[in-house]
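J.: Pasted the sequence and its predicted model underneath.
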Amino acid sequence: MKTVIELVTDKLFQEVKEEYEKHGELSDNILSSLNFVFGQPLLSALDLVDRDCVSHVTTPCQKEVYQVSSDSGRTYTCPATLQYCPCLSYAFGVVKRGELLVCKHILAIQLSRATGSCKEVQADDEKVSVILFEQDY
Ligand SMILES: [Zn+2]
């Protein structure tokens, strides 16, 4: 069963998807709602989306991960469930302090999915295994 906040964010991303499909941009109203719900990570997440930093890596065996490249040159690998990111912001802002709903990487993935701007990358299981093994934790 989904939590109330998951239902709210699902509805918000559905609105982002519909509006982006219809107008090719996001209205001030949607941006305001996103800012209200997600706060501080929004601007950085939008920047990551604008710079095409989000990739969806899938294998023929239906395994999938998301990767987000950052300014620092690091790449953050997140599971398709989006319930974890190996960044410090997730560890401290989301998990430890509970100040953030998500980090900028997970928010960028959600926005990329909603706007259809996620890069689709096909890889074999060996490649995904290497991606996960090389991830900095
Ligand atoms: Zn993160």
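T.: Happy to help now that I have it. Numbers count the residues shown, from 1 in each chain.
J.: ranges for the helices of this protein?
T.: 4-23, 28-38, 41-50, 88-89, 104-115, 125-134 (DSSP state H).
J.: Comparing the ones you listed, which comes out most buried?
T.: Most buried of these by mean neighbour count (mean count of other Cβ atoms under 10 Å) is helix 104-115; its value is a mean of 25. Just so you know, the C-beta spots here come from the backbone N, C-alpha and C atoms, and that holds for glycine as well.
J.: Tell me the confidence at Ile109?
T.: Confidence at Ile109, expressed as pLDDT, is 98.
J.: scratch that, Tyr137
T.: Taking Tyr137 on its own, its pLDDT is 54.
J.: before we move on, what about Phe36?
T.: In this model, Phe36 carries a pLDDT of 96.
J.: circling back to that earlier point, how about the helices of the chain, which one is nearest Val68?
T.: helix 104-115 (4.2 Å; Cβ to Cβ).
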